[in-house]
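K.L.:
What follows is a predicted protein model with its sequence.
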Amino acid sequence: MTAIRVYVPRDAAAVACGANEVAAALTIAAIKQQVEITLVRNGSRGMLWLEPLIEIEDASGARYGFGPAEPEDAGALIKALATKTAAKDIKHKLAVGLVEDI
């Protein structure tokens, strides 16, 4: 299985909203659940009301967003990743859809 790309911003606004803690929680949850992810720290898209915004890249390269995320959300998101073949199919309370469309 190929590692799933998970994007968490690292700019000042996102970090102030807890992005570092969310990134750490995602990494720990992935290890515990034996789900291979590649964590990419990127810049935000300027949607501060959604920070920290987690983006999960689909096999097509499209990114689906989840936010605003908190460390407590990491386990459920990783579990959902492990059971779905496409990011767009993940049903989660933080799902905001295709990030390009927001």
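P.N.:
Looks like it came in fine. Given the structure is predicted, the values throughout are model-derived calculations rather than measurements. Residues are numbered from 1 along each chain as shown.
K.L.:
If we ignore the residues flanking it in sequence, what's nearest residue 57?
P.N.:
In space, and not counting its chain neighbours, residue 57 is closest to residue 5: 4.0 Å by CB to CB, 6 or more residues apart in numbering. To be clear about C-beta, it is placed using only N, CA and C from the backbone, and glycine gets the same treatment.
K.L.:
ah, wrong one, I meant residue 33
P.N.:
Nearest residue to residue 33 in three dimensions, chain neighbours excluded: residue 78, at 5.2 Å (CB to CB, 6+ apart).
K.L.:
try residue 30
P.N.:
residue 37 (4.6 Å).
K.L.:
Pull out the buried positions in stretch 74-93.
P.N.:
74, 75, 77, 78, 80, 81, 87, 90, 92 (16 or more other CB atoms under 10 Å).
K.L.:
With respect to residue 64, which of the residues you listed is nearest?
P.N.:
residue 87 (4.1 Å; CB to CB).
K.L.:
Would you check that the closest one makes contact with residue 62?
P.N.:
Yes. Using CB atoms under 8 Å, residue 87 makes contact with residue 62 at a distance of 7.5 Å.
K.L.:
roughly how far apart are residue 12 and residue 20?
P.N.:
Residue 12 is 11 Å from residue 20, where distance means CB to CB, to the nearest Å.
K.L.:
what's the answer for residue 36, then?
P.N.:
Taking CB to CB as the measure, residue 36 falls 21 Å from residue 20.
K.L.:
Of those two, give the one with the bigger neighbour count.
P.N.:
Comparing residue 36 with residue 20 by other CB atoms under 10 Å, the one with more neighbours is residue 20, at 16 against 12.
K.L.:
distance between stretch 82-97 and the chain's centre?
P.N.:
Centroid displacement of stretch 82-97 relative to its chain, using CA atoms, centre = their mean, to the nearest Å, is 10 Å.
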